[in-house]
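Q: sharing a model that was predicted from the sequence below.
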Amino acid sequence: MKLALIGGGNIGRFLLQSINIDCLIPNAKIIGLHTRCQEQAKELSREFEAEIFEDVESLLKSDADLVIEAATVEAVEEYAASILLSGKDLVVSSVGALADREFYKCLEEICILNNTKIHLPSGAIGGLDVLKAAKSIGELDSVSIITRKPPQALPGAPLDGEKVLFEGSAAEAIRLFPKNINVSIILSLAGLGAENTGVKIISDPAARKNSHTIEAAGSFGKLSLQVENDPMPNNPKTSYLAALSILASLKNRDELIRVG
Ligand SMILES: NC(=O)C1=CN([C@@H]2O[C@H](COP(=O)(O)OP(=O)(O)OC[C@H]3O[C@@H](n4cnc5c(N)ncnc54)[C@H](OP(=O)(O)O)[C@@H]3O)[C@@H](O)[C@H]2O)C=CC1
Ligand SMILES: O=C([O-])CC(=O)C(=O)O
């Protein structure tokens with residue numbers, strides 16, 4: 001499988017190391033990368049033997065089968081349609097972009113017409129299988145997430161004392177915290193939609209982990225799940241599990257016997 005990467009930050013570097021050096025996905029290689037900073041692109045290209053593409057247009061002319069986005073919500077908004085139109089599948093890290101129903105539907109249409117697929121990894125949380133099963137026939141009544149992170153991982157958080165930075169819907173949360181609460185959008189896509197998913201974001205100076213507590217209830221019963229994530233070493237905003245979930249998504253793609 002030939003892969004291309006957009007974004008050479010925390011998750012991007014992790015994927016380059018895991019796929020190109022540690023060979024964790026059999027028969028896969030990241031052959032090309034595009035990131036905003038040219039210095040960073042050169043360094044990554046040298047270290048991991050991936051070709052640099054100065055823009056996404058030229059990356060789409062490469063023979064990669066699939067593009068991994070590990071950049072920003074804005075990058076997904078800007079490039080997702082052209083990636084799918086070029087016939088390549090797409091793995092999205094910044095799933096917050098799909099909170100916009102119009103955008104979601106537009107990408108879905110493009111997938112149908114071009115026989116392409118979008119993979120949305122579970123990111124820094126779990127429990128999506130429960131929500132999907134719960135709503136398949138039965139009723140899902142409520143879904144919520146409480147995210148607790150150290151202040152260094154959240155914009156505008158005070159360093160001295162716990163503070164609720166946000167309380168409201170996932171739709172509003174991702175508008176205000178596009179780099180911090182993608183988890184609420186993957187949760188809402190598996191469950192009740194972004195307007196109907198409750199979100200609370202707490203900044204906690206005592207926190208050493210990025211924790212996400214998910215509660216759901218419906219005709220299946222109740223779900224209560226807490227993930228206590230270690231942050232990535234170079235970017236405390238992002239949990240290690242989010243990067244791992246992209247590898248898992250790539251592995252699932254080729255599995256003949258799928259779990260979940
Ligand atoms: N689904 C989930 O559960 C999670 C999702 N995420 C999301 O995943 C994404 C990647 O995370 P992470 O690697 O930690 O972030 P980083 O900030 O470490 O890296 C992002 C990289 O993308 C580059 N970039 C930004 N915009 C563009 C663009 N338009 N075109 C090309 N490159 C671009 C940045 O360049 P520069 O340095 O110049 O800005 C940087 O190299 C983020 O959107 C993050 O919010 C993170 C955690 C969990
Ligand atoms: O990594 C995390 O814990 C969550 C995160 O940043 C996001 O959802 O955007």
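A: That came through, no problem. Numbering: from 1, shown residues only. Ligands and ions are numbered 1, 2, ... in the order given.

Q: number of residues surrounding Ala217?
A: 16 (other CB atoms under 10 Å). Glycine gets a C-beta too; all of them are placed from N, C-alpha and C.

Q: the helix or strand harbouring it - contacts with which helices or strands?
A: Ala217 is located in strand 210-218, with elements delineated by DSSP states H and E. Helices and strands touching strand 210-218, by 3 or more CB pairs under 8 Å, 6 or more residues apart in numbering; DSSP states H and E, are helix 128-136, strand 140-149, strand 221-229.

Q: try 6 Å
A: strand 140-149, strand 221-229 (3 or more CB pairs under 6 Å, 6 or more residues apart in numbering; DSSP states H and E).

Q: quick check, Glu162 in contact with Ala207.
A: No. Under the criterion of CB atoms under 6 Å, Glu162 makes no contact with Ala207, lying 8.8 Å away.

Q: now, of the helices and strands packed on strand 210-218, which is deepest in the fold?
A: strand 140-149 (a mean of 21; mean count of other CB atoms under 10 Å).

Q: and the helix or strand immediately after that one in the chain, what does it pack against?
A: As assigned by DSSP H and E, the chain's next helix or strand after strand 140-149 is strand 163-169. With contacts taken as 3+ CB pairs under 6 Å, 6+ apart, strand 163-169 sits against strand 197-203.

Q: so which bits of this structure are right by ligand 1?
A: Residues of the chain that fall close to ligand 1, judged by CB under 6 Å from any ligand atom: 6-12, 34-37, 40, 70-73, 75, 93-95, 123-124, 179, 182-183, 186, 235, 238-239, 242.

Q: which stretches of this protein form strands?
A: According to DSSP state E, the chain carries its strands in the segments 2-6, 29-34, 51-52, 66-69, 89-92, 118-119, 140-149, 163-169, 197-203, 210-218, 221-229, 231-232, 235-239.

Q: phi first, then psi, for the most centrally placed residue in the chain.
A: Central residue of the chain (CA atoms, centre = their mean): Ser93, 2.6 Å from the mean position. For Ser93, the backbone dihedrals (degrees, to the nearest 10) come out as phi -90, psi -40.

Q: which one is it nearest to, not counting chain neighbours?
A: Excluding the flanking residues, the one nearest Ser93 by CB to CB, 6 or more residues apart in numbering is Ala70, at 4.7 Å.

Q: Gly123 versus the one you found, what's the distance?
A: 12 Å (CB to CB, to the nearest Å).

Q: also Leu98?
A: Relative to Gly123, Leu98 is positioned 12 Å away (CB to CB).
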